[in-house]
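Visitor: sequence and predicted structure are below.
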Amino acid sequence: MDSLKSNVLAFDSSDLKELKQKLVDACHILDREGITDGYGHVSLRVPGTDAFLTIAGVSPGCATLERLVMLDLHGKFLGGQNAPPYEWPIHACILRARPDVMSVCHTHSKWSSLFSVLKGGLRPVHMYAKFLPANGPPIYPAAGLIGTVERGEALATALKDSAAVLMRAHGDAVVGASLEQAILPTVQLAFIGELAHMAVAHGEPLYMSEVEMATFSADQAFPARPWEYYLSRIRERRSS
Ligand SMILES: [Zn+2]
C-alpha cells in the first residue's frame, strides 16, 4: 500500500462524479444532524487505489463538488482545490493502517468530546452501540490537532481494529467499510453520547454487557434505510 498505484483516476474523471456527490451528501448529513460545525471532515478512498477524496478546508456544511481535494496516502496533492484540511493525516494514516476501511469521518462532536475527557469513557447504553467495543470506544489521549503523520499514526494505533476512537478534548474518528458505514455510526455515536449523558443524570445506568449487545441481530436494512432517511432530510434543506 506504500506506493501510489498507477490506476488512480484523474480528479476530474467522470467516473468520480458519483463518489464526489456522495461525499458532499455525507458532509451535509453531518451538518444537518448537528454533528459538525465549522470543522470536521470526511474522506472516501478511491476504490482500488492509494488515493482518497476529502473536503478542501471548508465546513462540511459548506461542502460542494468544487470544494473537494484528492490526496494520496502520504498527503501528496492529486487534484481538486489545493487546500487540504489541516488534519489530513487522520485520513491518510488510518486508511494506510486499515485496508478494510473505505471511509473515515472526523468530527468535533460535543458528545464524543464530552466522553473523551471522562475517565469511565462511553459505555453502551443502547443497541446502537453494537458497533463499539463493550467497554466503549478507545480514547486517543494526546491533546492537540492531528497535524503531523506521527500524530496520525498514533491515532491509528489508538483506533486499532475498532470502528471509532474518541479524541481527548477534541472529538472523534469513525471508520467504515463504506461511506455510509462511517457516517451513520458517527450519527449514532452522538445519539449514544447524548443518551449516556442523560442516563447518568438519573443515577447509575444499567450498562449493556457484551453478551446483551450480541443479542441484537444486525439490521438487514442497514445502511440503506437510515441513509435514505438522512438524505431526505438534507433534500428538505436544499429545497427550502
Ligand atoms: Zn479535529
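Guide: Yep, it's here.
Visitor: stretch 32-48: how far from the chain's middle?
Guide: Taking the mean of its C-alpha atoms, stretch 32-48 sits 6 Å from the chain's own mean (CA atoms, centre = their mean, to the nearest Å).
Visitor: one more: stretch 198-212?
Guide: Here stretch 198-212 is found 25 Å from its chain centre; the criterion is CA atoms, centre = their mean.
Visitor: how about that stretch: buried residues?
Guide: For stretch 198-212, a neighbour-count test (16 or more other CB atoms under 10 Å) marks 199, 207, 208 as buried. From N, CA and C alone the C-beta is placed, and that goes for glycine too.
Visitor: format those as JSON lines; extra columns: pLDDT and distance to residue 233.
Guide: Below are the buried residues of stretch 198-212 laid out as JSON lines (pLDDT from 0 to 100; distance: CB to CB, whole Å):
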{"residue": "199", "pLDDT": "96", "distance to residue 233": "26"}
{"residue": "207", "pLDDT": "94", "distance to residue 233": "30"}
{"residue": "208", "pLDDT": "93", "distance to residue 233": "28"}
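Visitor: give me the subset of those residues lying in strands.
Guide: The members of the buried residues of stretch 198-212 all map outside strands under DSSP state E.
Visitor: contacting residues for the closest residue to residue 108 other than its chain neighbours?
Guide: Of all residues not flanking residue 108 in the chain, residue 171 sits nearest, at 3.9 Å (CB to CB, 6 or more residues apart in numbering). By CB atoms under 8 Å, 6 or more residues apart in numbering, the residues touching residue 171 are 40, 106, 107, 108, 109, 112, 113, 116.
Visitor: list just the nearest of these to residue 213.
Guide: Proximity of the contacts of residue 171 to residue 213 (CB to CB) peaks at residue 112, which lies at 19.3 Å.
Visitor: give me the spatial nearest neighbour of that closest one, chain neighbours excluded.
Guide: Once flanking residues are discounted, residue 112 sits nearest to residue 172: 3.6 Å by CB to CB, 6+ apart.
Visitor: now do the SS call for that neighbour.
Guide: Of the three states, residue 172 takes strand according to DSSP: H, G, I helix; E, B strand; the rest coil.
Visitor: burial of it, as a residue count?
Guide: For residue 172, the neighbour count with other CB atoms under 10 Å is 29.
Visitor: verify the stated contact: it with residue 116.
Guide: Yes: using CB atoms under 8 Å, residue 172 makes contact with residue 116 at a distance of 7.5 Å.
Visitor: could you pull out the helices in the protein for me?
Guide: Using DSSP state H, the helices of the chain run over 17-32, 88-97, 110-116, 149-159, 180-200, 210-214, 224-239.
Visitor: tell me which of those helices lies nearest to residue 167.
Guide: Of all the helices of the chain, helix 110-116 sits nearest to residue 167, with 6.0 Å by CB to CB.
Visitor: counting by contacts, list what the closest one packs against.
Guide: Applying 3 or more CB pairs under 8 Å, 6 or more residues apart in numbering; DSSP states H and E, one finds that helix 110-116 contacts strand 164-167, strand 171-176, helix 180-200.
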